[in-house]
Every structure is written in C-alpha cells, then in structure tokens.
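S.K.: dropping the sequence and predicted coords here.
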Amino acid sequence: MKNWFMLSLIGRDQPSMVAQLSAGLCKNGCNLGDSSMVRLGQYFTIMLMVEHDGEKEKLESIVASICEPLKLNANLVELEDGAQHHCEPDIRISLYADDRVGIVEDATTPLAQAGLNILHLESNIGEASEAGTYYIHLEGTISGGLDALYKALEKLESEKGIQSQLIPINTQVT
C-alpha cells in the first residue's frame with residue numbers, strides 16, 4: 001500500500017543538496033509530490049510530500065541514509081488522508097512597511113478575518129539601500145470576496161502604515 005508523508009529538512013546550504021536528496025529518494029522507490037524549498041540566511045529548508053510503499057520506519061531509514069552525509073536535520077510525518085490535495089491561489093498580495101516586531105501578525109490577522117487562507121508566504125528585510133523595510137509576499141484563497149480584503153488592506157494602511165498591492169489570480173473571484 002502506498003502511503004504519503006510530509007518530509008521537512010533543514011541544513012546549511014550547499015551545492016547539489018536538492019539533486020542528491022531527490023535522487024536518493026527516487027532510487028529507493030519514492031514518488032515525490034508537492035514541495036517548497038528555499039534558502040533562508042545560510043540555511044536551506046525543504047518541505048516535500050513523499051509517496052512510499054513501506055511504513056514510516058522504513059522511510060525514516062532511507063531519509064537518514066541520505067541526510068547524514070548532507071548534514072540535514074529531518075522530520076517525517078505520515079499523512080492521514082493519504083494523498084496530495086493541490087490548491088490554486090485566488091490572489092497575490094504584496095505588503096511593505098517599516099520593519100518592527102509584530103508586523104507579520106499585524107498584517108495576517110486582519111487578512112485572515114477578511115476570509116484569506118494563506119497558501120504561501122515569503123517575507124524578507126530590504127537590501128542595504130532599503131534598510132528598515134519589511135516585505136511580505138503571499139498567495140491564498142479567499143472566502144469573503146475581494147471587497148472584504150480591500151477593506152482590510154485599506155485599514156492596514158491607515159492604522160498600521162502597511163502599504164499593499166493585491167493582484168487577483170483567479171478571474172472568477174469577485
């Protein structure tokens with residue numbers, strides 16, 4: 001029986017990490033599904049859905065043999081629903097503000113209350129020429145319509161000084 005697992009990995013960035021991981025998993029009968037991989041500082045993080053015939057313990061052994069030479073820390077979770085459920089985003093929002101403690105919470109809470117389900121969030125501090133600027137880029141699905149999101153974004157700008165740009169991706173969203 002095929003089982004789906006969520007594999008998360010973190011380690012210092014190094015050349016060929018993704019190639020070695022994917023080759024090692026595939027050579028051991030794993031099917032790779034959705035993934036998210038990104039460099040954060042000097043580290044590389046990987047979240048990857050993996051389909052495997054065996055039990056969790058067998059896959060943990062395979063993962064350990066691949067991760068040890070790469071010095072990757074791994075966590076493996078068996079997925080109860082047994083499959084992937086890909087979801088396409090409705091909107092893309094970019095937020096810009098002065099960097100400060102609590103900015104991600106300040107931005108995401110009103111958006112969630114307006115019906116946004118975040119599928120992907122990426123944030124970073126501006127380059128040296130933009131020191132002190134914090135950027136948040138996110139994609140998600142909406143349940144409350146665009147008007148509720150626009151109102152939340154207007155409130156974020158007037159109350160928190162967070163500027164935004166919303167781009168509808170799904171043309172069916174109103």
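M.R.: On my side now, so go ahead. Numbers count the residues shown, from 1 in each chain.

S.K.: C-alpha only now, for contacts and for neighbours.
M.R.: OK.

S.K.: could you pull out the buried residues of the helix or strand harbouring Thr108?
M.R.: According to DSSP states H and E, Thr108 maps onto helix 103-113. Within helix 103-113, the residues scored as buried using 16 or more other Cα atoms under 10 Å are Ile103, Val104, Ala107, Thr108, Pro110, Leu111, Ala112.

S.K.: mind giving me the packing neighbours of that helix?
M.R.: helix 145-160 (3 or more Cα pairs under 8 Å, 6 or more residues apart in numbering; DSSP states H and E).

S.K.: now do the helix it packs on against helix 103-113: the angle between them, please.
M.R.: On the basis of axes from the mean of the first three to the mean of the last three Cα atoms, to 10 degrees, helix 145-160 is oriented at 150 degrees to helix 103-113.

S.K.: downstream of helix 145-160, the next helix or strand is which one?
M.R.: Next helix or strand after helix 145-160 toward the C-terminus (DSSP H and E): strand 163-168.

S.K.: may I see the buried residues of that following strand?
M.R.: Buried-residue list, strand 163-168, by 16+ other Cα under 10 Å: Gln163, Ser164, Leu166.

S.K.: between that strand and helix 145-160, how many degrees?
M.R.: Counting by the same axes, to 10 degrees, strand 163-168 lies at 170 degrees to helix 145-160.

S.K.: may I have the strands that pair with strand 163-168, each with its orientation?
M.R.: Applying DSSP bridges to the sheet, strand 163-168 is found paired with strand 91-98 (antiparallel).
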